[in-house]
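*Asks:* Structure for the following, please:
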Amino acid sequence: MTRSATSRTTPRPTTRPAETAVSSMSPDDLLKLDQQVCFALAVAARNVIGLYRPVLDPLGLTHPQYLVMLALWERSPLTVREIGRLLSLEPATLSPLLKRLEAAGLIRRDRHPDDERALAITLTPRGRQLREQALDVPPQIVERLGVRVEDLQALHASLSRIIAATTATD
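*Replies:* Reported below is the predicted structural model:
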């Protein structure tokens, strides 16, 4: 007496675990502010970015400018398009940031040698030197947060999965 392989397997549930968790909530709980992921993310993002302000002020950087500099400290030169992709920013948002960084003497914007329609963004010597001061930023933020590095790494991994899920193309 033999059974087929499919009859021995357990049928797959038709709902995913997240759907089951949501469906088990009362309708009133579904719309409670403190149950909303979007609310928790928005408040956490606003508060964490606020922690950066006094740490970045001595460097003369805003948080968005700091993100641009981080990308450039990793790899320079980058095109405006590459920076936009890395930071998930539109060129219209990025352009004023880059102009202010250039006015501060931290970057140069030049036509890309291989594609004159593209701008190559390069660190100036002063921009490269600022990296040394910026090395103090992450430890200060971790201290201000008062959260273990391991917990921040786990949070980063979770947020990275959320970013991937929300930017996945169909």
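
*Asks:* How about the residue most central in space within the chain: what's its closest non-neighbour residue?
*Replies:* Most central in the chain under CA atoms, centre = their mean is L87, positioned 6.7 Å from the mean C-alpha point. Leaving aside its chain neighbours, L87 sits nearest to L67 (5.4 Å; criterion: CB to CB, 6 or more residues apart in numbering). Placement of C-beta: from N, CA and C, glycine included.

*Asks:* Isn't that neighbour up against G84?
*Replies:* No - assessed by CB atoms under 8 Å, L67 is found out of contact with G84, at 11.3 Å.

*Asks:* shaky segments in the protein?
*Replies:* 1-22, 169-170 (pLDDT under 70).

*Asks:* how about the strands in it?
*Replies:* Listed in chain order, the strands of the chain (DSSP state E) span 78-79, 107-111, 119-123.

*Asks:* in the last one, what counts as buried?
*Replies:* For strand 119-123, the neighbour count (16 or more other CB atoms under 10 Å) marks L119, A120, I121, L123 as buried.

*Asks:* between these, which is nearest L51?
*Replies:* L123 (25.4 Å; CB to CB).

*Asks:* how far away is the residue nearest to L87 from L78?
*Replies:* The spacing between L67 and L78, counted by CB to CB, to the nearest Å, is 12 Å.

*Asks:* out of the two, which sits in the more crowded spot?
*Replies:* L78 (22 against 18; other CB atoms under 10 Å).

*Asks:* ranges for the helices of this protein?
*Replies:* Secondary structure of the chain (DSSP state H): helices at 5-8, 17-23, 27-30, 37-56, 63-74, 80-87, 91-103, 125-134, 137-145, 149-167.
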